[in-house]
Every structure is written in structure tokens, then in C-alpha cells.
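> coordinates only, no sequence provided:
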């Protein structure tokens with residue numbers, strides 16, 4: 001179960017990174033390209049994934 005949660009946290013970080021790049025206009029091909037709200041949503045998603053990953057690591061001790 002912890003492995004699955006770790007994978008989901010890593011996916012949240014990866015998705016957040018893609019949304020950051022699209023929101024900043026650096027990754028094209030989507031309706032999200034160049035829209036700053038997706039930049040901020042991506043930052044929140046990536047930070048949430050990082051926080052979840054760190055929480056999973058600390059709770060395992």
C-alpha cells in the first residue's frame with residue numbers, strides 16, 4: 001500500500017511539472033498552454049505531491 005501511495009505522489013509531482021510547463025508556455029499542444037492559472041495549479045499539485053511523498057517517508061520510521 002505504501003508503494004502505491006509513493007507512486008501516486010510521484011505522479012502528482014510529474015503532472016504538476018507538466019502543468020507548470022504548459023502554464024508557462026514552454027510546452028505547447030494544449031488548451032492550457034500559456035494560461036497562468038495552470039501554472040499556479042501545477043505549482044500547487046507539485047508541492048502537494050512533494051509534501052505527500054515526504055509525509056510517507058517520515059511515517060515509515
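In hand now; what should we look at? As the structure is a computational prediction, the values presented were derived from the model and not from experiment.

> show me the shaky parts of the protein.
Counting by pLDDT under 70, the chain has low-confidence residues at 60-61.

> identify the single longest helix in it, thanks.
The longest helix of the chain (DSSP state H) is helix 36-59.

> how far does it sit from the chain's center?
In terms of CA atoms, centre = their mean, to the nearest Å, the centre of helix 36-59 is found 5 Å from the chain centre.

> what does stretch 32-40 give?
Relative to the centre of its chain, stretch 32-40 is centred 14 Å away, using CA atoms, centre = their mean.

> try stretch 11-27
Counting by CA atoms, centre = their mean, stretch 11-27 comes out at 7 Å from the chain centroid.

> show me what counts as buried in it.
Across stretch 11-27, burial judged by 16 or more other CB atoms under 10 Å covers 12-13, 16-23. Yep, even glycine has a C-beta here, placed from its N, CA and C like the rest.

> stretch 32-45 too?
Buried, per 16+ other CB under 10 Å, within stretch 32-45: 32, 35, 38-39, 41-42, 45.

> now swap in stretch 53-60 and tell me
residue 53.

> surely residue 33 and residue 22 touch.
Yes - here residue 33 reaches residue 22: they are 5.3 Å apart, a contact under CB atoms under 8 Å.

> for the longest helix of the chain, name the packing helices and strands.
helix 2-23 (3 or more CB pairs under 8 Å, 6 or more residues apart in numbering; DSSP states H and E).

> hmm, who's touching the helix it packs on?
27-28, 30, 32-50, 52-53, 56, 60 (CB atoms under 8 Å, 6 or more residues apart in numbering).
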